[in-house]
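Enquirer: got a structure for you, letters missing:
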């Protein structure tokens, strides 16, 4: 088992990474008598709800649960309200601990519910997808979507612990493993060239779910993210670097309607667009763009814009990005492979050129 | 003009109290070019929206606004979403400043919207009711209601400034002035015997809206609250004292349906019940209970339970109070007039007796 600590101003919390942790009582920061509510979805519940409940009952907790529908399109205020209703029906107080058992959607909705219920109760993340294990479960960003924008409503709210059981990846559809690898590759591209090179050597093992390589990879991603979050919890600066490809990617997700493309797939194409723009600005070489493209392709990820989306469709959605300041687009771009920066007020025609470079015209 | 500062761990913010402050550009912490969104309601908009907009435009701000329906029953996730929709439609970014112009409902909903929009934007409180001026606009508690409980969903989120224009009270219905006085009297009862005695001498002036006495009274209440909040921003301890009468009061509001009794009216009766319970426990004298009752009555406030509510109707609602810990009721009671404490695990039959003491049986 590996452990990464997230250091915040006022406290720290651990991320445990290993096999079969769901049944490992020692990793849960809970004691007999604790009241917990597990938030999960209809897909995850039949697979793992019983296991986690049994472990918590062994600790001596009072356990109840609520199941949301599965999918990004249920990442809404309505789902949030379902959690509140379940909590209130059973008279849960401020001392209840919420447990998010599922992927990024469950983590984001349950985390925001924990931030908001009675103005804040404790919560634990148990991410069951690669994407949530390497990204969304770490760092305390919680949110729901609005029909006019993704993740527009939420809070910065940190869990008391993250428990990553890599065996849960065995039940994850291949497409979602690949989507998670988009965020993994992103970490290498923005902040860690040696890790990018390690990925070039081990990407096939990761696609094949080799346990040792998976643990190393997840721990490395969590460590990179934990370091960034420790420096900048509420995204006043450096934390924005984690959003490589996300401004383009969110435009794809919003344009296609949430859930048609997976977040990681949109981020893969978005990362290519950011790389193409970085090349247009003279930062990185065509060869580096090619390395990124090849790595993404080996993880079975898309690298060009969706068929039914035109280059002109991107900008209106991109202008709603949370990084926009004073009406000006701010984009995460690459200074070199392994080093990202935030570009302010990039010429919109260049942005459009970069999008075109990643679009297949008939 | 009077000014009270709220000292928080990480920053401080001012509360400005005076006549005709809505038109006073110097009290707004804004500069030319700032983008602001005013959140108000259909009742307040025709009275003051134009005035505030004109002042902000004089500063050079870009001003837009959204109007919610008026009343406690609109303190919901749906109203919250109306604010988000308005913000997103106009592409408001993280640098937008939200302004709450209205009573407690507007302040609570707009404050929670500011806490949640893009995970947090700045906001300013301009409370226009006595209740919100002395209580809800200060201290950073924001929330919406759930059909199963009042203020159950929200955040601790502090404004960057509070602007209290006492002339707005001239357009406030008398019933709401009185409701505000319930919270004023509460401050004296829980923490400040000299202020309670000052109120016994000046309550008629306050009911008659004497400007000098109003300003003194509001500033004193804000100072008491600011001191408590500085000691305990997120209600781990002392801050709970501010809830004298609120656990009983919330039961009344929830039982009758939000908006039938005003919050202050419910708090008045709740304070009487807390005083009656304090007497039953041997803390305070019958004479002190009588002083409280008389002061509330002089402010035209109810002091007995609603006709159609039975003593037995209280406890189920009271058990959902946010102060409940490990399934046990915690109540704010009086050690003496001017000194409150949190009582844990009070005998429920005594609680019922206190409720009965404030119930008129046919």
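Expert: Alright, I've got the coordinates. Just so it is clear, the structure is predicted and the values come from calculations on it, not from any experiment.

Enquirer: where do the helices sit along chain A?
Expert: Taking DSSP state H as the test, the helices found in chain A are A:50-59, A:77-89, A:104-116, A:130-131, A:174-191, A:193-207, A:211-231, A:246-256, A:263-280, A:286-298, A:314-318, A:348-357.

Enquirer: quick one: list the elements packing against the first one.
Expert: Using 3 or more Cβ pairs under 8 Å, 6 or more residues apart in numbering or on different chains; DSSP states H and E as the contact test, the elements touching helix A:50-59 are strand A:35-41, strand A:62-68, strand A:97-102. No exception for glycine: its C-beta is placed from N, CA and C like everyone else's.

Enquirer: let me know the pLDDT of the residue of the stretch 101-250 of chain A found nearest chain B.
Expert: In the stretch 101-250 of chain A, no residue comes nearer to chain B than residue A:148, which is 3.9 Å away by Cβ to the nearest Cβ. With respect to pLDDT, residue A:148 scores 88.

Enquirer: is it true that residue A:88 touches residue B:146?
Expert: Yes. Here residue A:88 reaches residue B:146: they are 6.0 Å apart, a contact under Cβ atoms under 8 Å.

Enquirer: what sits in contact with each of the two?
Expert: residue B:152 (Cβ atoms under 8 Å, 6 or more residues apart in numbering or on different chains).

Enquirer: ok, back up a step: dump the helices of chain A into a markdown table; add mean pLDDT and mean neighbour count as well.
Expert: Shown next, in a markdown table, are the helices of chain A (pLDDT from 0 to 100; neighbours: other Cβ atoms under 10 Å in any protein chain shown):
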| stretch | mean pLDDT | mean neighbour count |
| --- | --- | --- |
| helix A:50-59 | 98 | 16 |
| helix A:77-89 | 97 | 19 |
| helix A:104-116 | 97 | 28 |
| helix A:130-131 | 96 | 28 |
| helix A:174-191 | 97 | 24 |
| helix A:193-207 | 98 | 16 |
| helix A:211-231 | 94 | 20 |
| helix A:246-256 | 92 | 24 |
| helix A:263-280 | 97 | 27 |
| helix A:286-298 | 97 | 17 |
| helix A:314-318 | 91 | 18 |
| helix A:348-357 | 95 | 17 |
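
Enquirer: can I get those in a markdown table including distance to residue B:62?
Expert: Converted to a markdown table, the helices of chain A look like this (distance: least, Cβ to Cβ, whole Å):
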| stretch | distance to residue B:62 |
| --- | --- |
| helix A:50-59 | 50 |
| helix A:77-89 | 27 |
| helix A:104-116 | 29 |
| helix A:130-131 | 38 |
| helix A:174-191 | 34 |
| helix A:193-207 | 43 |
| helix A:211-231 | 33 |
| helix A:246-256 | 23 |
| helix A:263-280 | 30 |
| helix A:286-298 | 39 |
| helix A:314-318 | 20 |
| helix A:348-357 | 21 |
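
Enquirer: what does stretch A:157-164 contact?
Expert: A:6, A:8, A:11, A:13-18, A:21-22, A:27-29, A:97, A:100, A:111-112, A:114-115, A:120, A:122-127, A:133, A:137-140, A:142, A:218, A:222, A:233.

Enquirer: quick check: mean pLDDT of that stretch?
Expert: In the prediction, stretch A:157-164 has an average pLDDT of 96.

Enquirer: kindly check the end-to-end length of that stretch for me.
Expert: 19 Å (Cα to Cα, to the nearest Å).

Enquirer: tell me how far that stretch is from the chain's mean position?
Expert: Offset of stretch A:157-164 from its chain centre (Cα atoms, centre = their mean, to the nearest Å): 13 Å.

Enquirer: mind checking which of the contacts of stretch A:157-164 land in strands?
Expert: Using DSSP state E, the members of these that fall within strands are A:6, A:13-18, A:97, A:100, A:122-127, A:142.

Enquirer: the residues you listed also near chain B: which ones?
Expert: When Cβ under 8 Å from any Cβ of the partner chain is taken as the criterion, no member of those contacts chain B.

Enquirer: which two of those have the greatest separation?
Expert: Farthest-apart pair in those is A:18 and A:142; separation 24.7 Å (Cβ to Cβ).

Enquirer: higher neighbour count, the two?
Expert: residue A:142 (29 against 19; other Cβ atoms under 10 Å in any protein chain shown).

Enquirer: what does the stretch 51-200 of chain A put close to chain B?
Expert: Near chain B, when you scan the stretch 51-200 of chain A using Cβ under 8 Å from any Cβ, you find A:77, A:80-81, A:84-85, A:88-89, A:91, A:93-95, A:115-120, A:141, A:143, A:146, A:148-149, A:152-156.

Enquirer: let's go with 7 Å and repeat that
Expert: A:77, A:81, A:84-85, A:88-89, A:91, A:93-95, A:115-119, A:141, A:143, A:146, A:148-149, A:152-156 (Cβ under 7 Å from any Cβ of the partner chain).

Enquirer: out of the helices of chain A, which gets nearest to residue A:332?
Expert: helix A:263-280 (6.3 Å).

Enquirer: for that closest one, packing partners?
Expert: helix A:174-191, helix A:246-256, helix A:286-298, strand A:330-336, helix A:348-357 (3 or more Cβ pairs under 7 Å, 6 or more residues apart in numbering or on different chains; DSSP states H and E).

Enquirer: in CSV: the ones you listed, plus distance to residue B:249.
Expert: Shown next, in CSV, are the helices and strands packed on helix A:263-280 (distance: least, Cβ to Cβ, whole Å):
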stretch, distance to residue B:249
helix A:174-191, 49
helix A:246-256, 44
helix A:286-298, 59
strand A:330-336, 47
helix A:348-357, 55
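
Enquirer: residue B:314: which of the ones you listed is closest?
Expert: helix A:246-256 (48.0 Å).

Enquirer: what's next to that closest one, contact-wise?
Expert: Under the contact criterion Cβ atoms under 7 Å, 6 or more residues apart in numbering or on different chains, helix A:246-256 has outside partners A:149-150, A:261, A:263, A:266-267, A:269-270, A:273-274, A:306, A:309, A:313-314, A:317-318, A:321, A:323, A:331.

Enquirer: not counting sequence-adjacent ones, nearest residue to the spatially most central residue of chain A?
Expert: Centroid-nearest residue in chain A, with Cα atoms, centre = their mean: residue A:136, separated by 3.1 Å. With sequence-adjacent residues excluded and distances taken as Cβ to Cβ, 6 or more residues apart in numbering or on different chains, residue A:136 is closest to residue A:104, at 4.0 Å.

Enquirer: mind listing what that neighbour touches?
Expert: A:129, A:131, A:132, A:136, A:263.

Enquirer: separation between the second one and residue A:265?
Expert: Okay, so that is residue A:131. 10 Å (Cβ to Cβ, to the nearest Å).

Enquirer: likewise the first one?
Expert: Spatial separation of residue A:129 from residue A:265 under the definition Cβ to Cβ is 13 Å.

Enquirer: what domains does the record give for chain A?
Expert: A:2-171, A:174-357 (automatic domain parsing).

Enquirer: TSV for those, including distance to residue B:297?
Expert: Shown next, in TSV, are the domains of chain A (distance: least, Cβ to Cβ, whole Å):
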stretch	distance to residue B:297
domain A:2-171	34
domain A:174-357	49
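
Enquirer: which one of those lies closest to residue B:279?
Expert: Of those, nearest to residue B:279 by Cβ to Cβ is domain A:2-171, at 28.1 Å.

Enquirer: end to end on that closest one, go ahead and measure it.
Expert: Per Cα to Cα, domain A:2-171 runs 22 Å from first to last residue.

Enquirer: likewise stretch A:30-44?
Expert: First-to-last residue span, stretch A:30-44, Cα to Cα: 22 Å.
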